[in-house]
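>>> my questions are about this predicted structure, shown below with the sequence.
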Amino acid sequence: MKVMKFGGSSLADSNRIRGVAAIVRDAMQDEPVAIVLSAMKGVTDSLISAARSAELGDAGYREALEELRRRHRETIADLIPGAAGTAVITGAMDLIDELADLLHGVELIRECSDRTMDLVLSFGERLNCHTVAAFLSHEGEPAEFVDAREIIVTDTTHGSAVVDYAETYQRTAARLHRCAGVPVITGFIASSEDGFTTTLGRNGSDYTASLVGAAISATSVEIWTDVDGVMSADPRFVEQAFVIPEISLQEAMELSYFGAEVIHPYTMLPAVERDIPLWIKNTLNPTVRGTRISGHPVHHDRPITGLASIGNVALINVEGGGMLGIPGMASRVFGALAKAGVNIIMISQASSEHSICICIRESELERASHVLREELREELDQRRIDQFEEQPGLEIVAVIGANMRGRPGISGRLFSALGSHEVNVLAIAQGSSEMNISFVIDRNDRKRTLNVVHDAFFVEDL
Ligand code: ADP
Ligand code: ASP
Ligand code: MG
């Protein structure tokens, strides 16, 4: 059996869903398939903002609910005309009624915990999978809705839960074995041992597909999206970006960790570990080969493999003569941030030990700054630390590739290109894997920087 995952970008409306069904039917000529689906395009974002509005007591969330009703009703009516469609619409409206009750609860108590948010988000994938399963069955391809909360088991880290592989594999294999038709599995959502709904992080449906593939020893796992494969840069920003035909697991992980949302960073492990081929393919262009993610190093002559970037980040720069040679300074800084649950994306420390520069998500800046000022109060009071700067509105750009290892001149080429185009670099870090050089720039320089770097490494070589 093959696992095929279709993302929200491939499920924007009834026409796109028809396209997906055609791809599934075509694949079924060769072998049975299980499909994993995301919510319809934009639905997860609108559920997040609806929950946040309800939490603030802003009744505007009801409009978002009405829009959700309208969109699902119209999509189903278009896909499945007549009485059969009406029954499916009733099922979808019942689900949205349940969601409305939940959001009303959020509005009343003015609180949406991470646990509640996961439950709210689960409606997006559940609604869409009911629709697509019903449509496939209606078209003569019997299909069965599978709620991933029955099969994917995680801890209770709501928002980015940690998967229990052994339990997940066992439950998934058993559940899919019992399926009468094509399993249509909700991506992204899971459940904790004691039955609370959890989620696997944004873009988590990719990860679900890989877990399902590993559980059933699939012949392959295909991630179907709206681009021809993993590309040398995000094509929305870099027109010259090209498809990478084959990429190693490590490089794909680095790219996705640094913002290439074409694939969720954990997707690679389950499938590739079990030697199951993993592909990225395009629903808008189904005959194109796509990208193969490989468990082995992939040889090519290009100096780097690709670029990625993460937005909405901020820097905290702590500087002072009093930090020189004092052991434990870095560990206090990192310890305080870890205790406050702040995720450090990148660190750079000058070799003089004069300063520590930490890059974090902008949304965590206030909390991070507060705990650090508390931790370093004595040093700040005594002016052993004389600068504590916070800088929001930044972007991290990462240059990635296994070929950088042991190859001199890459940083020189990178920073001289940036220098000659007058891009201001605020901090630099090199991963110890030597597979990654990352640097921080002003958010407004993002597009220009990505193009300057892409040109420096690719266009001049072509
Ligand atoms: P889906 O809804 O199918 O999960 P996503 O929107 O999550 O799709 O991911 C696909 C998008 O990822 C593409 O439209 C593209 O703009 C973006 N992207 C970012 N970096 C890359 C990259 N290196 N290669 C390909 N696409 C990328
Ligand atoms: N619907 C979820 C998201 O938007 C999961 C996914 O699309 O993979 O992040
Ligand atoms: Mg995605």
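Looks like it came in fine. Ligands and ions are numbered 1, 2, ... in the order given.
>>> output the contacting helices and strands for the helix or strand containing residue 175.
Residue 175 is part of helix 165-177 when elements are defined by DSSP states H and E. Helices and strands touching helix 165-177, by 3 or more CB pairs under 8 Å, 6 or more residues apart in numbering; DSSP states H and E, are strand 153-154, helix 205-215. From N, CA and C alone the C-beta is placed, and that goes for glycine too.
>>> may I have the helix or strand following it as PDB, with CA atoms only?
As assigned by DSSP H and E, the chain's next helix or strand after helix 165-177 is strand 182-186. C-alpha atoms of strand 182-186 as PDB (Å, rounded to 0.1, in the frame of the first residue of the first chain):
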ATOM      1  CA  VAL A 182      -9.600   3.700   1.000                       C
ATOM      2  CA  PRO A 183      -8.600   5.000   4.400                       C
ATOM      3  CA  VAL A 184      -9.000   8.800   4.500                       C
ATOM      4  CA  ILE A 185      -7.000   9.800   7.500                       C
ATOM      5  CA  THR A 186      -7.000  13.200   9.300                       C
END
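>>> okay, now the sheet partners of the helix or strand just after strand 182-186, with direction.
Later in the chain than strand 182-186, the nearest helix or strand by DSSP H and E is strand 189-192. Paired strands of strand 189-192, with direction, are strand 153-154 (parallel), strand 197-199 (antiparallel) (DSSP bridges).
>>> how far does the helix holding residue 175 sit from its chain's centre?
Centroid separation for helix 165-177 versus its chain: 24 Å, with CA atoms, centre = their mean, to the nearest Å.
>>> how about that helix: buried residues?
By neighbour count with 16 or more other CB atoms under 10 Å, helix 165-177 contains the buried residues 168-169, 171-172, 175-176.
>>> do the helix or strand hosting residue 254 and ligand 3 meet?
For residue 254, the host element (DSSP H and E) is helix 249-257. No - on the criterion CB under 5 Å from the ion, helix 249-257 is out of touch with ligand 3, staying 9.9 Å away.
>>> pull out the buried positions in the following helix or strand past that helix.
Per DSSP H and E, helix 249-257 leads on to helix 268-273 as the next helix or strand towards the C-terminus. For helix 268-273, the neighbour count (16+ other CB under 10 Å) marks 268-272 as buried.
>>> which residues are contacting helix 268-273?
For helix 268-273, contacts defined as CB atoms under 8 Å, 6 or more residues apart in numbering pick out 165, 207, 210-211, 213-214, 218, 221, 249, 252-253, 277-278, 293-295.
>>> do you know the pLDDT at residue 351?
Here, the pLDDT recorded for residue 351 equals 61.
>>> the nearest residue to residue 235 once chain neighbours are set aside: neighbouring residues, count only.
Excluding the flanking residues, the one nearest residue 235 by CB to CB, 6 or more residues apart in numbering is residue 241, at 4.6 Å. Counted by other CB atoms under 10 Å, the residues lying close to residue 241 total 20.
>>> and residue 134, by the same measure?
Counted with other CB under 10 Å, residue 134 comes out at 23.
>>> likewise residue 383?
Residues lying near residue 383 (other CB under 10 Å) number 10.
>>> let's number from 41 now, not from 1
Sounds good: first residue 41 from here, last item residue 423.
>>> now for it: which residues touch it?
For residue 423, the contact set (CB under 8 Å, 6+ apart) comprises 360, 362.
>>> now the helices: where do they sit in the protein?
For the chain, the helices defined by DSSP state H cover 54-68, 83-95, 101-119, 122-149, 154-178, 205-217, 245-255, 289-297, 308-313, 369-379, 405-415, 417-421, 450-460, 486-497.
>>> could you check how far the closest residue to residue 344 other than its chain neighbours is from residue 269?
Nearest non-adjacent residue to residue 344, counting by CB to CB, 6+ apart: residue 441, 3.7 Å away. In this view, residue 441 and residue 269 are 16 Å apart by CB to CB, to the nearest Å.
>>> also residue 446?
For residue 446, the distance to residue 269 equals 28 Å [CB to CB].
>>> more neighbours, those two?
Taking other CB under 10 Å, residue 446 and residue 269 do not tie; residue 269 has more neighbours (24 against 6).
>>> can you tell me the average pLDDT over stretch 73-85?
Mean predicted lDDT for stretch 73-85 stands at 98.
>>> ugh, wrong one, stretch 452-462
93.
>>> wait, what's in contact with residue 47?
Residue 47 is in contact with 78, 243, 245-246, 263-266, counting by CB under 8 Å, 6+ apart.
>>> of those residues, which is the nearest to residue 466?
Using CB to CB, residue 243 comes nearest to residue 466 of those, at 27.3 Å.
>>> for that closest one, give me its contacts.
47, 301, 303-304.
>>> let's see 6 Å
301, 304 (CB atoms under 6 Å, 6 or more residues apart in numbering).
>>> quick revisit: looking at the helices of the chain, which one is packed in the most?
helix 245-255 (a mean of 29; mean count of other CB atoms under 10 Å).
>>> near ligand 1 at all, that one?
No - counting by CB under 6 Å from any ligand atom, ligand 1 is not contacted by helix 245-255; separation bottoms out at 6.6 Å.
>>> got the CA positions of that helix in PDB?
Taking Å, rounded to 0.1, in the frame of the first residue of the first chain, the C-alpha atoms of helix 245-255 are listed here in PDB:
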ATOM      1  CA  SER A 245       0.000  16.400   8.200                       C
ATOM      2  CA  ASP A 246       3.200  15.600   6.400                       C
ATOM      3  CA  TYR A 247       4.500  14.000   9.500                       C
ATOM      4  CA  THR A 248       1.200  12.000   9.900                       C
ATOM      5  CA  ALA A 249       1.700  10.600   6.500                       C
ATOM      6  CA  SER A 250       5.200   9.500   7.200                       C
ATOM      7  CA  LEU A 251       4.100   7.800  10.500                       C
ATOM      8  CA  VAL A 252       1.300   6.000   8.700                       C
ATOM      9  CA  GLY A 253       3.700   4.900   6.000                       C
ATOM     10  CA  ALA A 254       6.200   3.500   8.500                       C
ATOM     11  CA  ALA A 255       3.400   1.800  10.500                       C
END
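>>> ok, residue 313 to ligand 2 distance?
21 Å (CB to the nearest ligand atom, to the nearest Å).
>>> repeat for residue 60
On the measure of CB to the nearest ligand atom, residue 60 and ligand 2 end up 14 Å apart.
>>> list the contacts for the closest residue in space to that residue that isn't next to it in sequence?
Excluding the flanking residues, the one nearest residue 60 by CB to CB, 6+ apart is residue 46, at 5.0 Å. Neighbour list for residue 46: 60, 77, 264 [criterion: CB under 6 Å, 6+ apart].
>>> many thanks, have a good one.
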